[in-house]
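>>> sequence and predicted structure are below.
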Amino acid sequence: MAAPHHDIESQHDQRCPLLLKGADGNTNNTSPLQKAIGQTYQSTGHLAKLLPSGTVLSFQLLAPTLAKQGHCGDMNRMMTAGLVVLCAVSCFVLSFTDSFRDEEGKVRYGFATFKGLWVIDGGAALEPLAAAEYRIRFLDFVHAIVSAMIFVAIALFDQNVVSCFYPVQSEDAKQLLTTLPVAIGVIGSMLFVSFPTTRHGIGFTVSQH
């Protein structure tokens, strides 16, 4: 009669994440570092919502392969660094894109300029007065810089990327690589909330107007 009860307990133990178990078997005894690591994985999903979806998806798909699951050679390290830089630049540039709906209700995309909006999908340009509403403002540069910073934070959350550049880490380095992206994410999120943008660029939520 004891065997079925033992099997049930075994199945329950298998469902419990190993990260949440302490040395004495108590699931509530987690170290501060373990809690921080768990929070960083949750933070990644929240931060990704602030960035162009295509850029983040491309990074998540390519990073494990280019970083070779964290076991990098010189070539893998160069390709991984190139991917991070390229995606960060993409986040910066796409912050200057915007969208609108034409007379037929189709979504049109363009790049913001100092004079207005440069339509890039091959359609007719906006009228000068309408295009002037989409011209570049100082807030666009703030969002572009913060977007690039937040992407770097997401890259630091990726253990494949971190292990590629820092295969052997000291305790101080581990704590720095754990807290730094969280700090960047918190500061970036606060800036986005404090200074919201009205743009709906490529990779972001489609404009309703």
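Received, thanks.

>>> low-confidence regions, the protein specifically.
1-50, 205-209 (pLDDT under 70).

>>> quick check: closest non-adjacent residue to residue 156.
Leaving aside its chain neighbours, residue 156 sits nearest to residue 181 (4.0 Å; criterion: CB to CB, 6 or more residues apart in numbering). Bear in mind the C-beta positions are built from the backbone N, C-alpha and C, glycine included.

>>> is it true that that neighbour lies in a strand?
No. Counting by DSSP: H, G, I helix; E, B strand; the rest coil, one finds residue 181 to be helix, located in no strand.

>>> just give me the neighbour total for it.
24 (other CB atoms under 10 Å).

>>> how much space is there between it and residue 187?
11 Å (CB to CB, to the nearest Å).

>>> and residue 71, by the same measure?
Per CB to CB, residue 71 is found 32 Å from residue 187.

>>> so for the two, which sits in the more crowded spot?
residue 187 (14 against 11).

>>> the more buried one: helix or strand, and which one exactly?
Element membership for residue 187 (DSSP states H and E) is helix 171-194.

>>> how about the helices of this protein, start to end?
Secondary structure of the chain (DSSP state H): helices at 2-15, 32-48, 53-66, 74-94, 128-132, 138-157, 159-165, 171-194.

>>> and for the shortest one, what's in contact with it?
When you say that, I think you mean helix 128-132. For helix 128-132, the surrounding residues in contact (CB atoms under 8 Å, 6 or more residues apart in numbering) are 115, 116, 117, 125.

>>> so what's the gap between it and the chain middle?
33 Å (CA atoms, centre = their mean, to the nearest Å).

>>> buried residues in it, which are they?
Of the residues in helix 128-132, residue 131 count as buried by neighbour count, 16 or more other CB atoms under 10 Å.

>>> now do the contacts for the spatially closest residue to residue 96 that is not a sequence neighbour.
Once flanking residues are discounted, residue 96 sits nearest to residue 112: 4.8 Å by CB to CB, 6+ apart. For residue 112, the contacting residues are 96, 97, 98, 118, 134, 135, 136, 140, 199, by CB under 8 Å, 6+ apart.

>>> burial count for the third one?
A count of neighbours around residue 98, defined by other CB under 10 Å, yields 23.

>>> in this structure it contacts residue 108, no?
No. Taking CB atoms under 8 Å as the definition, residue 98 is not a contact partner of residue 108, at 9.5 Å.

>>> residue 126 against residue 115, yeah?
No. The criterion here is CB under 8 Å, and residue 126 misses it with residue 115 at 11.0 Å.

>>> more crowded one of these two?
Ranked by neighbour count (other CB under 10 Å), residue 126 and residue 115 place residue 126 first, with 19 against 12.

>>> that one: what's it in contact with?
Applying CB under 8 Å, 6+ apart, the residues near residue 126 are 100, 110, 116, 117, 119, 134.

>>> thanks a lot, see you next time.
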